[in-house]
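[1] Take a look and give me a structure for this.
(one chain, ligands or ions: 3)
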Amino acid sequence: MKIGFAKLEIPSTGTYVVGVHEDRKLTSSATALDKRTRGMLSAAMAGSRFKGRKGEMLDILQPRGVKAHRVVLLGLGKPADLGSLRLQRLGGLVTAHLNRLGETTATVAIDAIADANPTAPTMAAQFAYGARLRSYRFDKYRTREKPEHKPTLRSLALAVEDQAAARKLFAPLSRVADGVHATRDVVSEPPNVIYPATFAERCKQLEELGVKVEVLDEKQMAKLGMGALLGVAQGSAKPPRIVVMQWSGAPDAADKRPIAFCGKGVTFDTGGISLKPAAGMEDMKWDMAGAGAVLGVMTALAGRKAKVNAVGVVGLVENMPDGNAQRPSDIVTSMSGRTIEVLNTDAEGRLVLADVCWYTQDRFKPKAMIDLATLTGAIIIALGHEFAGLFANNEDLAAGLLAAGRATGEKLWRMPLGDVFDRQIDSDAADVKNIAGDRAAGSTIGAVFIQRFVNDVPWAHLDIAGVAWSKKDHATTPKGATAFGVRLLDRLVADRYEEKRG
Ligand code: BES
Ligand code: MN
Ligand code: ZN
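    Ligands and ions are numbered 1, 2, ... in the order given. Reported below is the predicted structural model:
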């Protein structure tokens, strides 16, 4: 789908979308159109339940007096609530609606609102961003799809007074959408296509954006002493990888230390010898969504040339049961030197992150380190599919993340860490064990395990098991891989870590 910006006037083809505020208050474009059509908008509203509440839509076919063949009234809600997130959602909803209608071409009027804080160009850019986010589709393996099931919308124009300003505001947002789409692409792929080596190849493509990409293979990991990650990988015919992606957007900053992102990249999680039940196991193809989000946020930051030094490190393994797989009760030595008793081979994400987080803090001495992982089923029990779990050893970092979550709609809920939990993973046989032994506070147990490998750097762990994949459509996120974390971390960087321009 092509998204562009056009003059604020009634278009001569396709569908024309005009806004209506709550209580049927017409925007200026809607007022002009109501006049031109000799009252068709007012009449249509009067004959329906359309009130102009947020997201309501009313179609008017063959409007008189104009060449456009359809008008859609779009409810904007209360003007005071028309923030960026609302506009993105409206952009997504309109895109989905137009595709359902079978429309190919549409124009959306974006009118300035008296004393509203988003300016018309900002509104247009945010609307366009939402449209781009919603228009994502993973359909490369559907070879026989009926034409009537395919999306139709080819071109969406945002009609706004200052198109140059809108274009300028949209450019970086569109780069963030590129990152979101890169994540969705990799997370949606089946595990016979995306496994450690092929995931690493995708990361390599970031070189085109000026990202430095290094791929560590098994030998290099063995040399570094990454026994925790390698223990998980040893049951798979697919050799593991670690990918290090570096974006140096602030080479002259006074403090050159990067912000670091670490991702759990289990390209398929059978549970290993602690085998998962068959029902629902297919979901474990997206057990690399943390690594996918890291790939996406690096794509976004490099794409929009963020003035920040950032490093993304992903640990890529496949967790399989096999004659060579690790056994419950194996003891492995992690890169930190700490020994780990593996009591459940299905608690593998924390083993991967133990080495990835240790390696990252040891090599890069980051200002802050944030890991993303589909770590525990328990976080779904606690928070459902609405919030990701946030665990942090630093108040400032936690506050920044919570604020970024509210701003982007990728919401976080703070969860506890602490010694009372940490004690529960002391092992009788090694320095630490990878499960506590009962189901209590399962997500926190995973988090305190990782915490043993972060060496006191300001750190946050995001458990995204409940939010990485959606079984239903949302305004800006079609069902499937959500790319949770990309918008969030891009925003955190923009608000807290980026050198201000100019
Ligand atoms: N990848 C899973 C967690 C998961 C479950 C993600 C459901 C998405 C949906 C993780 O590796 C796992 O298996 N965790 C175990 C930990 C347990 C053995 C302590 C779990 O949550 O059951
Ligand atoms: Mn597992
Ligand atoms: Zn897993």
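
[2] is any part of the host helix or strand of A354 close to ligand 2?
    A354 belongs to helix 349-364 when assigned by DSSP states H and E. No: figure legend: helix 349-364 not in contact with ligand 2 (Cβ under 5 Å from the ion); closest approach 6.2 Å. C-beta coordinates here come from the backbone N, C-alpha and C atoms, glycine included.

[3] and that helix, how far from the chain's centre?
    Taking Cα atoms, centre = their mean, to the nearest Å, one finds helix 349-364 lying 22 Å from the centre of the chain it belongs to.

[4] Repeat that for stretch 404-420.
    Relative to its parent chain, stretch 404-420 has a centroid offset of 15 Å by Cα atoms, centre = their mean.

[5] any low-confidence regions in the chain?
    Scanning the chain for pLDDT under 70 picks out 116, 501-502.

[6] Can you report how many residues neighbour A165?
    Here the count is done by other Cβ atoms under 10 Å, and A165 has 17 residues near it.

[7] how near is Q205 to V213?
    Relative to V213, Q205 is positioned 8 Å away (criterion: Cβ to Cβ, to the nearest Å).

[8] Just after the longest helix seen in the chain, pick out the following helix or strand.
    Among the elements of the chain assigned as helix by DSSP state H, the one spanning the most residues is helix 163-188. For helix 163-188, the succeeding helix or strand toward the C-terminus, using DSSP H and E, is helix 196-204.

[9] How far does that following helix sit from its chain's centre?
    For helix 196-204, the separation from the chain centroid amounts to 19 Å (computed by Cα atoms, centre = their mean).

[10] Return the list of helices and strands in contact with the next helix or strand after it.
    Moving toward the C-terminus from helix 196-204, the next helix or strand (DSSP H and E) is strand 212-216. Applying 3 or more Cβ pairs under 8 Å, 6 or more residues apart in numbering; DSSP states H and E, one finds that strand 212-216 makes contact with helix 196-204, strand 241-248.

[11] Let me have the ones you listed in TSV, extended by distance to R64.
    Putting those into TSV (distance: least, Cβ to Cβ, whole Å) gives the following:
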stretch	distance to R64
helix 196-204	52
strand 241-248	54
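
[12] and those, which is most packed in?
    When neighbours are counted by mean count of other Cβ atoms under 10 Å, the highest per-stretch mean among those falls to strand 241-248, a mean of 24.

[13] CA atoms of that strand as CSV?
    Output in CSV follows, covering the C-alpha atoms of strand 241-248 (Å, rounded to 0.1, in the frame of the first residue of the first chain):
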residue,chain,number,x,y,z
ARG,A,241,24.4,-18.4,16.8
ILE,A,242,24.8,-15.1,18.7
VAL,A,243,24.4,-12.0,16.7
VAL,A,244,25.8,-8.7,17.8
MET,A,245,24.4,-5.6,16.1
GLN,A,246,26.0,-2.2,16.8
TRP,A,247,24.5,1.1,15.8
SER,A,248,26.8,4.1,16.5
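
[14] Report the angle between the helix or strand following it and helix 349-364.
    From strand 241-248 onward toward the C-terminus, using DSSP H and E, the following helix or strand is strand 259-269. For strand 259-269 against helix 349-364, the angle between stretch directions is 150 degrees (axes from the mean of the first three to the mean of the last three Cα atoms, to 10 degrees).

[15] which secondary structure elements does strand 259-269 contact?
    Using 3+ Cβ pairs under 8 Å, 6+ apart, strand 259-269 sits against helix 196-204, helix 289-303, strand 309-319, helix 349-364, strand 368-373.

[16] Out of these, flag the one nearest ligand 1.
    Counting by Cβ to the nearest ligand atom, ligand 1 lies closest to helix 349-364 out of the helices and strands packed on strand 259-269; the figure is 4.6 Å.

[17] Can you confirm whether the closest one lies near ligand 3?
    Yes: applying Cβ under 5 Å from the ion, one finds helix 349-364 in contact with ligand 3 at G349.

[18] if you look at that helix, does any of it touch ligand 1?
    Yes: legend: contact between helix 349-364 and ligand 1 by Cβ under 6 Å from any ligand atom is shown at G349.

[19] Spell out which parts of the stretch 151-300 of the chain neighbour ligand 2.
    D269.

[20] ok and the residue in the stretch 151-300 of the chain nearest ligand 2?
    Distance from ligand 2 to each residue of the stretch 151-300 of the chain (Cβ to the ion) is smallest for D269, at 4.4 Å.

[21] For that residue, give the beta-bridge partners.
    Taking DSSP bridges, one finds N319 as the beta-bridge partners of D269.

[22] what's the spacing between it and T333?
    23 Å.

[23] Which of these two has more residues huddled nearby?
    For D269 versus T333, neighbours defined as other Cβ under 10 Å are more numerous around D269 (26 against 17).

[24] The more buried one: what's it in contact with?
    For D269, the contact set (Cβ atoms under 8 Å, 6 or more residues apart in numbering) comprises K276, M284, D287, N319, D346, E348, G349.

[25] let's see 7 Å
    Taking Cβ atoms under 7 Å, 6 or more residues apart in numbering as the contact definition, D269 lies against M284, D287, N319, E348.

[26] dump the residue contacts of the last one.
    Same thing as E348. Neighbouring residues of E348 by Cβ under 7 Å, 6+ apart: V232, V266, D269, G272, N319.

[27] my read: the fourth one touches L343, true?
    Read that as G272. No: G272 is beyond contact range of L343, at 11.9 Å (criterion: Cβ atoms under 7 Å).

[28] quick one, which of those two is more surrounded?
    Set side by side, G272 and L343 show unequal neighbour counts under other Cβ under 10 Å, the larger going to G272 at 27 against 19.

[29] gap between the residue lying closest to the more buried one once chain neighbours are set aside and R327?
    The shortest distance from G272 to any residue that is not its chain neighbour, by Cβ to Cβ, 6 or more residues apart in numbering, is 3.3 Å, and that residue is T345. With distances defined as Cβ to Cβ, the gap from T345 to R327 amounts to 7 Å.

[30] And for G446?
    From G446 over to R327 the distance is 21 Å, taken as Cβ to Cβ.

[31] again, but for A254
    Distance, A254 to R327, by Cβ to Cβ: 50 Å.

[32] Comparing those two, which residue is more hemmed in?
    Between A254 and R327, counting by other Cβ under 10 Å, R327 is the more crowded of the two (12 against 6).

[33] Which secondary structure element is home to that one?
    Here R327 sits in a region with no helix or strand, counting by DSSP H and E.

[34] list the contacts for it?
    Contacts for R327 (Cβ under 7 Å, 6+ apart) come out as I273.

[35] next one: A228
    Contact partners of A228, counting by Cβ under 7 Å, 6+ apart, are V332, S334, I340, L351, A354, D355.

[36] Repeat that for R257.
    Neighbour list for R257: K365, P366, K367 [criterion: Cβ under 7 Å, 6+ apart].

[37] Nearest residue to the first one in space, please, no chain neighbours.
    Ranked by Cβ to Cβ, 6+ apart and with sequence neighbours excluded, the top spatial neighbour of K365 is R257, at 5.8 Å.

[38] now swap in the last one and tell me
    If the residues on either side of it in the chain are set aside, K367 comes closest to R257, at 4.6 Å by Cβ to Cβ, 6+ apart.

[39] Equivalent analysis for the second one, please.
    With Cβ to Cβ, 6+ apart as the measure, A260 is the residue that lies nearest to P366, at 3.7 Å, once sequence neighbours are left out.

[40] who does that neighbour bridge with?
    Each beta-bridge partner of A260 is listed here: V311, M369, as defined by DSSP bridges.

[41] before we move on, back to that, any chance of the contacts of A228 in TSV, plus distance to A440?
    Written out in TSV, the entries for the contacts of A228 read as follows (distance: Cβ to Cβ, whole Å):
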residue	distance to A440
V332	25
S334	25
I340	20
L351	21
A354	21
D355	26
